[in-house]
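**Student:** what shape does this take:
(chains A, B and C)
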Amino acid sequence: MYDSGKIIPGLIIFVLFITIPIWYNRGAAGSVPKPVLPKDAKTCVLPAAEIRAEHMKLLNTWRDEVLRTGDRGTFEIEGKPYQKSLMMTCMKCHTSKKQFCDTCHVYASVKPYCWDCHIAPVE
Amino acid sequence: MFEKALKGNNYYWMWLAFLGFFIAVAAVCYLRQYFYGLGLTGMSRDVSWGLYISQFTFLVGVAAGGVMLVLPYYIHNFKAFGKITILGEFLAIASLLMCLMFIMADLGQPLRGLNVMLYPTPGSMLFWDMCVLWGYLILNALCGWVILTAERKQVHPPKWIYFFVYLSIPFAFSIHTVTAMLYCGLPGRHFWLSAIIAPRFLASAFAAGPALIVVMALILKKVANFDAGKEAINKMVTIIIYAALANMFFVGLEFFVGFYSNIPGHKHTLQYLFFGLEHHGHIYNNLVPFMWGFVVLFFVGIALISHPYTRKQSDLWLGLGCASIFIAFWLDKGIGFVLGGFVPTPIDEIVEYYPTFNELFITIGIWATGFFILTILYKIAIGVEHEIEA
Amino acid sequence: MDEKRRNFLKVAGISTLAGLGGTAVVGRLVAGSGIAHASGSAGHEVEAAKKSSGHGAAPDPSVNRYGMVIDIKKFQQDPSLGEKIVAACHSVHNVPQFPEKKDEIKWIWMTQFENAFPEKPNVYLDEATEEHQLPILCNHCDSPPCVRACPTKATFRNKDGIVMMDYHRCIGCRFCMAACPYGSRSFNWRDPAEFVKDANHIYPRRMRGVVEKCNFCDERVGAGKLPACVEACGESKALVFGNLNDPNSEIRKVLKENHTIQRNPSLGTLPSVFYIV
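**Tutor:** Numbers count the residues shown, from 1 in each chain, chains lettered A, B, ... in the order given. So this is what the prediction gives:
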């Protein structure tokens, strides 16, 4: 191989560089988040596994239905009607953004822009 | 071919560093704007487009102006343009990149820019503007690069490229027509609501674009030992003269319609731009100096490039004449047209617009980025020319 | 490399590119039709409304087109009414109050007759009109130029004929602001959050970099309530809200009994807001 003296150290530097996140966070895995669940409500709009994975899609669907289609129909859980609304449905049970939403979002380092406009419950 | 841009004399590097300084300043200013919002500009709910969109509008014209070289060369087989057609194509690339940067600088939510493609809306002229601008950019990059590569190898360009060359001609006209349609299809903005806008845009583009190319060619002759040839320059100057006169004719028609019909809506903006507009006892006239600058520079420029002595005997006078025309039409379209259209507002109020320093530095920085790209592209093109000659 | 292999590679390369591009295009088209489907009902309504909006064509009663009648005389009789409706609207919708005029955002506001109706200049204006102000807001046009201009469908006409804003989609190009012939639109030049005082906790704010305007209280109308400004007028009937396409609605009755004018109707925008002068 020509120039192996330059290529091999170059490759090593490159590999070290792109694996920085691993070296940097070595042994410092964050603890798994424990969002605080509401005490009085037992059923969510979807089963736990589903809502955990799909809540952002559900919120987008609600948004499009309410805002664009004008379909404000309510749905029932255990006989009680609910609106398709982040502020008026989700946050009525999950009364703390900090202890519920933020725990996972901070852990996963996602920054949803919901709260730029939607107002979190007073804590 | 990019290696040609990496070798240059001290002046070349000093020029790039000079531009780089303004680019760096603009980058900082843009970050400030990005984190604070467009409130750092002088725009308001009454003058909702400012320098960014006006520069964009003008630069679309400069990009379209390149077609005044492509068309005579490829359609009419005007051989003298052979050497400088590439200058027109590369100018179009640099101008279009500036346009896109100005659009991005102007968006309130730049990260959502792709929504224009995710939710395509054929009813919106902005959607079509995006289509033709990207189309023209890609066509110019493709044609310029393929033809320059063939030239370097001293072979004929592949036949298929001519399809794209010919396609780029209607695209050049369409970019500026669609840009005019952004304005002339809006009800309630009398100054813009005029069928002459698209032809006027094209006329001023076909003067300003070639004028900049002539200035560039004269500079390249001095600094890069690249001679575009007397015949080519002469023909371009003729094109500039006719296009510039056509633009002034169209401007004159706007004056006639406004002032002879005496319809207030048609007159107000012209009054504001050229004479100052009185409203509730206050005279609003912050753009008047720019518009008279436009008129004076037009006459100076047209005299310099028309008179046989200044036109044929002296590169300096010819260059100054073309520069005057370019600046005149920049004042007309890059300042007056867009900013004037917002006065008076639909609710008959007058709000004058003054850009902020942050906005000015971003604007200057985008121009600097454009000239940076242009310098590199011209360096490559001329490097290839010299290589063939050697 | 022999000639055949070269040609084969060329053809293979081009067809791969075409294939990739083709599937992308098809995927996009399918996705596009899906979107169109999702808002299908809205689309139909708009088309139906368009058909009915020609000269003298009868409105289609099966389609909603909400409108408003503003009785200027009532606002002259009770000058405090103006302040009330503006305050009601702006507090319900968390409209920010900025210290600088340059950043101003407004959904409904009081203005002079000459500003609301610049196409009806009158040197000899009556005293009442000259001295008092009248409210202006988004006209919720039947043929809205802002909707035509929007490159992302972030502003659109919904099934009730209300011109809506989807703040999640707006890219902030402000083409709609240039297109609106009534100056009804405002832009969030900076983050409005800290300029919203006493936020209404059942309605969102906006984020910086998007356009906003009156939404005819779509969120209230959808829930069977009257718009906030209409409610703020109390029993005065200074503002009457209702479905213009329903011949038996109160608003149609008011329109039948009074001579009304619209703001700059010559532009063909077919405003849904009417004024009793």
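**Student:** roughly how far apart are the spatially most central residue of chain C and residue C:61?
**Tutor:** For chain C, the residue nearest the mean C-alpha position is residue C:163 (3.2 Å; CA atoms, centre = their mean). Remark: distance between residue C:163 and residue C:61 (CB to CB, to the nearest Å) = 21 Å. Backbone N, C-alpha and C define where each C-beta goes, glycine included.
**Student:** what's the answer for residue B:21, then?
**Tutor:** 67 Å.
**Student:** same thing with residue B:228?
**Tutor:** For residue B:228, the distance to residue C:61 - CB to CB - is 71 Å.
**Student:** quick one: which of these two has more around it?
**Tutor:** Legend: neighbour count by other CB atoms under 10 Å in any protein chain shown for residue B:228 and residue C:61, higher for residue B:228 (20 against 13).
**Student:** surely the more buried one is in contact with residue B:217?
**Tutor:** Yes - between residue B:228 and residue B:217 there is a contact at 4.1 Å, judged by CB atoms under 8 Å.
**Student:** give me the common contacts of these two.
**Tutor:** B:84, B:87 (CB atoms under 8 Å, 6 or more residues apart in numbering or on different chains).
**Student:** buried residues, the helix or strand harbouring residue C:81. List them.
**Tutor:** Per DSSP states H and E: residue C:81 is located in helix C:80-92. By neighbour count on 16 or more other CB atoms under 10 Å in any protein chain shown, the buried set for helix C:80-92 is C:81-82, C:84-86, C:88-92.
**Student:** reformat the residues you listed as a markdown table; add pLDDT and distance to chain A.
**Tutor:** Output for those, formatted as a markdown table (pLDDT from 0 to 100; distance: CB to the nearest CB, whole Å):
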| residue | pLDDT | distance to chain A |
| --- | --- | --- |
| C:81 | 93 | 29 |
| C:82 | 93 | 28 |
| C:84 | 94 | 24 |
| C:85 | 95 | 23 |
| C:86 | 96 | 22 |
| C:88 | 95 | 19 |
| C:89 | 95 | 18 |
| C:90 | 95 | 16 |
| C:91 | 94 | 13 |
| C:92 | 95 | 13 |
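**Student:** the helices in the chain, which residues?
**Tutor:** No chain in the question, so chain A it is. In chain A, the helices defined using DSSP state H lie at A:4-18, A:20-24, A:48-63, A:91-93, A:102-107, A:114-117.
**Student:** actually, chain C is the one I wanted.
**Tutor:** C:3-38, C:40-52, C:72-77, C:80-92, C:113-116, C:127-131, C:145-149, C:175-179, C:218-221, C:228-232, C:250-257.
**Student:** hmm, who's touching the last one?
**Tutor:** Going back to what we said before, that points to helix C:250-257. C:67-69, C:240-244, C:246, C:274, C:276.
**Student:** using neighbour counts, pick out the buried residues of it.
**Tutor:** Quick answer for helix C:250-257 (16+ other CB under 10 Å): C:251-252, C:254-255.
**Student:** the helices in the stretch 151-300 of chain B, which residues?
**Tutor:** Here the stretch 151-300 of chain B has its helices, by DSSP state H, counting those that start in this stretch, at B:160-184, B:197-223, B:230-261, B:264-274, B:288-306.
**Student:** JSON lines please, covering those helices and showing mean neighbour count, mean pLDDT and distance to chain C.
**Tutor:** Formatted as JSON lines, the helices of the stretch 151-300 of chain B follow (neighbours: other CB atoms under 10 Å in any protein chain shown; pLDDT from 0 to 100; distance: least, CB to the nearest CB, whole Å):
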{"stretch": "helix B:160-184", "mean neighbour count": "20", "mean pLDDT": "94", "distance to chain C": "7"}
{"stretch": "helix B:197-223", "mean neighbour count": "24", "mean pLDDT": "94", "distance to chain C": "14"}
{"stretch": "helix B:230-261", "mean neighbour count": "17", "mean pLDDT": "95", "distance to chain C": "15"}
{"stretch": "helix B:264-274", "mean neighbour count": "20", "mean pLDDT": "93", "distance to chain C": "8"}
{"stretch": "helix B:288-306", "mean neighbour count": "18", "mean pLDDT": "95", "distance to chain C": "21"}
